[in-house]
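**Q** Quick one: sequence plus predicted model below, questions after.
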Amino acid sequence: IQLIEKGKEVILDSWVSRNELQKILIIKKIDVNLFTNTYAKDVIDYFICVLNNTKKIGDCPVMHQMLSMFAEKNISSQEIFMICALLKRSLISFTFQNNIASQTLVEHINYIMDENFSGVIKIYDDIINQHVKNIQIQERKFIEYTNAIDLSTIVVKTDLNGIVTHVNDSFVKVSGYESSEIIGKSHSIVQHNDTPTSFYEDLWKTILSKNVWQGTIKNKKKNGDAYYVYTTIFPLLDDNDTIIEFLSLKNDVTDLVLATQKAQEAELTKSQFLANMSHELRTPLNAIMGFSQILSSRKDTPEKFKDYIGKISIAGNNLLNLVNSILDFSKIEAGKMETAYRVIDIKKIFDELKILIEPQLSKKKLELVLPNLTNETIYADAQLLKQVFLNLITNAIKFTHEESTVSVLYTLDLEQKQHYFSICDQGDGIKEELCETLFEPFYQGENSKKNVISGTGLGLTISYRIICEMHKGKIWVENNETSGACFNLSIPSDLEQIL
């Protein structure tokens, strides 16, 4: 037994190198080194311990692990017998090669191997039976999942050329085609004429690249009516990673798409109405404002009436600002806001703005700190960009405490290809929970409750649309409840990103 223990590496090599075992490992795609180092070494140690009476037959955890691996590789009972027989042959051959063979030793080895083999077969049968039960459970689950998908989802299978090979009842119900009318024909039979060829070219390019495609498709029923399906197409692959067919799972979203279209049409109608209404209101308002100024400037107008006229003028100005904001907002909503992109001087914009807001600054004794600019330029719509800065700086003035500072910062990030601006006030800041709604239409924050600062509630929304949608930039707020808030915006410096 001591000689056998010393020669276990020779026994191991003899066992693993036998042609019959090598053939089994190759056919079942089992790595030889994995088999040798993970299982075979410990199995030989186990048999030596049994020969030496330090272990009982069957007390070998690695044997269970090896048999589980064999079961996963679909190794048969006959192949298990062959593997065990080859080990026994290697053990007995070693005893003869080293002149230690005797009838007693050979009989002992035969007994141990035979007893162990009967235990191995029993364990292997138990493992196989458990595998069969697991497969049956998985099959039942698969059937349940398939039935659930079949009842709730449109299922279509096609070959590599788009020829339909299978449809379920949901497809028949939605499309109006019987399965016999569509199987064997191209799936293009349900394609709607409104869908451009480029759409399907992109779809085929995706799935032929073995990628999953998802999107909403407009299809045509047998009677010619349109219907919409949200579709997921899976390329199905064989063991060689080759596409064999395509599986398409679809959900009918016709009602959702039509409802969305109606909502968009209603939104467009609303925007057009607001634009028309705002235009009609401007004419009488301008007349009121004009006559108010004339009456206020006349020397024969009593002071009492001048006070009334001043209040009319203030109210008229506020209403005119609201009408102008609604008009701008409705133009953006309707996609009718005219743009004129060009290279503009950033310093010139801020110089012009400073003149416009000087009265507001003086009234609150505020200092406007502008960036130190020389020849910096930006590609944008000058009028729209000026409107955004005017909105943000005017808001900063409104919320900044008297005798404080409003700051404007500017940097150009050459690596990110972005212009960055920040307009910071020295007010009370913005509560965190209000930041998400700042850019919604008619939002006035705390002002609507306090009623201390007038505004239309559209300035930030318009600014957001101008920067994000019309200049492909970003706008966000960083608030600090102790020292005010900063409104930040970025605009691409790369012309191609804007156009």
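**A** Received, thanks.
**Q** The strand or helix carrying Arg342: partners in the sheet, and parallel or antiparallel?
**A** Using DSSP states H and E, Arg342 sits within strand 341-345. Take DSSP bridges as the rule and strand 341-345 pairs in its sheet with strand 377-381 (antiparallel).
**Q** quick one on the thing from earlier: buried residues in the next helix or strand after the strand holding Arg342, which are they?
**A** Per DSSP H and E, the first helix or strand lying C-terminal to strand 341-345 is helix 346-364. Buried residues in helix 346-364, counted by 16 or more other CB atoms under 10 Å: Ile346, Lys347, Ile349, Phe350, Leu353, Ile357, Leu361. The C-beta positions use only the backbone N, C-alpha and C, and glycine is treated the same way.
**Q** what residues does helix 346-364 touch?
**A** Helix 346-364 is contacted from outside by 366-368, 370-371, 373-378, 382, 385-386, 389-390, 393-394, 397, 400, 402-403, 406, 408, 410, using CB atoms under 8 Å, 6 or more residues apart in numbering.
**Q** same thing but 6 Å
**A** Leu368, Leu370, Leu373, Glu376, Ile378, Lys386, Phe389, Leu390, Ile397, Glu402 (CB atoms under 6 Å, 6 or more residues apart in numbering).
**Q** quick one: the last one from Leu361, how far?
**A** Spatial separation of Glu402 from Leu361 under the definition CB to CB, to the nearest Å is 11 Å.
**Q** do the first one as well
**A** Leu368 is 6 Å from Leu361, where distance means CB to CB.
**Q** what's the neighbour count on the closest residue in space to Cys435 that isn't next to it in sequence?
**A** Among residues not flanking Cys435 along the chain, Val477 sits closest, at 5.6 Å (CB to CB, 6 or more residues apart in numbering). Neighbours of Val477 under the rule other CB atoms under 10 Å: 16.
**Q** Next, the contact list for Val477, please.
**A** Contacts of Val477 by CB under 6 Å, 6+ apart are Cys435, Ala485, Phe487.
**Q** Looking at those residues, which are in helices?
**A** Within the contacts of Val477, no residue falls in helices by DSSP state H.
**Q** Run the chain-centre distance for stretch 483-499.
**A** Centroid separation for stretch 483-499 versus its chain: 24 Å, with CA atoms, centre = their mean, to the nearest Å.
**Q** In it, which residues are buried?
**A** Gly484, Ala485, Cys486, Phe487, Asn488, Leu489, Ser490, Ile491, Pro492, Ser493, Ile498.
**Q** Any idea how many residues pack against the residue nearest to the third one when sequence neighbours are not counted?
**A** Nearest non-adjacent residue to Cys486, counting by CB to CB, 6+ apart: Cys424, 4.1 Å away. Neighbourhood size, Cys424 [other CB under 10 Å]: 22.
**Q** Show me the beta-bridge partners of Cys424.
**A** Cys424 has these beta-bridge partners by DSSP bridges: Ser407, Cys486.
**Q** what about it, distance to Asp125?
**A** 78 Å.
**Q** which residues in this protein form strands?
**A** 154-158, 164-167, 213-220, 226-237, 243-252, 341-345, 367-369, 377-381, 405-413, 418-424, 474-480, 484-492 (DSSP state E).
**Q** Mean pLDDT and distance to Tyr177 added to those, as TSV?
**A** Formatted as TSV, these follow (pLDDT from 0 to 100; distance: least, CB to CB, whole Å):
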stretch	mean pLDDT	distance to Tyr177
strand 154-158	94	11
strand 164-167	94	8
strand 213-220	95	10
strand 226-237	95	12
strand 243-252	94	14
strand 341-345	92	50
strand 367-369	94	70
strand 377-381	92	51
strand 405-413	94	56
strand 418-424	94	52
strand 474-480	86	48
strand 484-492	93	49
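**Q** State the distance from the spatially closest residue to Thr153 that is not a sequence neighbour to Ser152.
**A** Excluding its sequence neighbours, the residue lying closest to Thr153 (CB to CB, 6+ apart) is Leu249, at 5.2 Å. For Leu249, the distance to Ser152 equals 10 Å [CB to CB].
**Q** swap in Asn372?
**A** 64 Å.
**Q** Next: Ile207.
**A** As judged by CB to CB, Ile207 and Ser152 stand 23 Å apart.
**Q** Please say which of those two ends up with more neighbours.
**A** Each of Ile207 and Ser152 has its neighbours counted (other CB under 10 Å); Ile207 has more, 18 against 11.
**Q** That one contacts Leu236, correct?
**A** No. Using CB atoms under 6 Å, Ile207 makes no contact with Leu236, being 10.3 Å away.
**Q** How many residues are close by Lys270?
**A** Neighbours of Lys270 under the rule other CB under 10 Å: 13.
**Q** Could I get the full set of helices for the stretch 151-300 of the chain?
**A** Secondary structure of the stretch 151-300 of the chain (DSSP state H, counting those that start in this stretch): helices at 169-175, 179-182, 197-208, 254-297.
**Q** Start and end of stretch 368-378, how far apart?
**A** 22 Å (CA to CA, to the nearest Å).
**Q** can you check stretch 465-485 too?
**A** One end of stretch 465-485 sits 20 Å from the other (CA to CA).
**Q** can you check stretch 24-38 too?
**A** With CA to CA as the measure, what separates the two termini of stretch 24-38 is 17 Å.
**Q** which residues touch that stretch?
**A** Val16, Lys73, Ile75, Glu79.
**Q** switch to 7 Å and redo it
**A** Stretch 24-38 is contacted from outside by Val16, Lys73, Ile75, Glu79, Met82, Ile83, using CB atoms under 7 Å, 6 or more residues apart in numbering.
**Q** Need the mean per-residue confidence for that stretch.
**A** Average pLDDT, stretch 24-38: 91.
**Q** Just name the closest of the contacts of helix 346-364 to Ile309, please.
**A** Taking CB to CB as the measure, Ile309 lies nearest Ile397 of the contacts of helix 346-364, at 25.7 Å.
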